[in-house]
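>>> Okay, sequence plus prediction incoming.
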Amino acid sequence: MKPVYQTKFGGADAPEEEQGNCIAACLASIVELTLEEVPDFSGGIMNGRWYFRLQSWLGDYNLSVLILDKEGRHDLPDGYAMAGVTSETLGPLVGHMVVIRGGLVVHDPNPNATRKPDDYVLEEVWAFTVLDPARRT
């Protein structure tokens, strides 16, 4: 995991070009790419387009994402995953994504984050699965 930081910080109600890119920053961190090499999924958050674009992009890396609510976290693998948390800067009703490992926050892509790892409350977890174990990426 190579920490990458987001460059946009607007909430889901902001114009598409201003919506935060924390999802892309987390993905870039986990697969060790630059932010520019990862699509910006933020524009389709409110209409659900992002999910299908995300799965398609992950497929190129032989991965898929499983979104688990907070009740299903007990079976998480030890590898890197992403977690939905409340935004530290936009308020408790706005979501934000962080990188976790073993259920603990290891990277917040917001360069202005001040929370300690124990201060995060994981609302949902995005666990990655391998599509075809026999295929090498």
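Everything's here; your move.
>>> What ranges in this structure fall below the confidence cut-off?
43-48, 71-75, 93, 137 (pLDDT under 70).
>>> switch the cut-off to 80
Scanning the chain for pLDDT under 80 picks out 12-13, 16, 42-50, 69-78, 88-94, 136-137.
>>> which stretches of it form helices?
22-31, 49-59 (DSSP state H).
>>> Looking at those helices, spot the one closest to Val94.
helix 22-31 (10.7 Å; CB to CB). (Each C-beta comes from the backbone N, C-alpha and C, glycine too.)
>>> Give the other helices and strands that that closest one contacts.
strand 80-87, strand 91-101 (3 or more CB pairs under 8 Å, 6 or more residues apart in numbering; DSSP states H and E).
>>> Can you lay out these as CSV showing mean neighbour count and distance to Glu123?
Shown next, in CSV, are those (neighbours: other CB atoms under 10 Å; distance: least, CB to CB, whole Å):
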stretch, mean neighbour count, distance to Glu123
strand 80-87, 21, 5
strand 91-101, 18, 7
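>>> can you put those in JSON lines and add distance to Phe9?
Formatted as JSON lines, the helices and strands packed on helix 22-31 follow (distance: least, CB to CB, whole Å):
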{"stretch": "strand 80-87", "distance to Phe9": "9"}
{"stretch": "strand 91-101", "distance to Phe9": "10"}
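>>> ok so, going back, so which of the helices of the chain is the most packed in?
Across these, averaging neighbours per residue (mean count of other CB atoms under 10 Å) puts helix 22-31 on top, at a mean of 25.
>>> May I have it exported as PDB, CA atoms only?
Output of helix 22-31 as PDB, limited to C-alpha atoms (Å, rounded to 0.1, in the frame of the first residue of the first chain):
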ATOM      1  CA  CYS A  22     -11.400   9.800  -1.800                       C
ATOM      2  CA  ILE A  23     -12.600   6.600  -3.500                       C
ATOM      3  CA  ALA A  24     -10.000   7.000  -6.300                       C
ATOM      4  CA  ALA A  25      -7.300   7.900  -3.800                       C
ATOM      5  CA  CYS A  26      -8.000   4.800  -1.700                       C
ATOM      6  CA  LEU A  27      -8.000   2.600  -4.800                       C
ATOM      7  CA  ALA A  28      -4.700   4.200  -6.000                       C
ATOM      8  CA  SER A  29      -3.200   3.600  -2.600                       C
ATOM      9  CA  ILE A  30      -4.200   0.000  -2.400                       C
ATOM     10  CA  VAL A  31      -3.100  -1.000  -6.000                       C
END
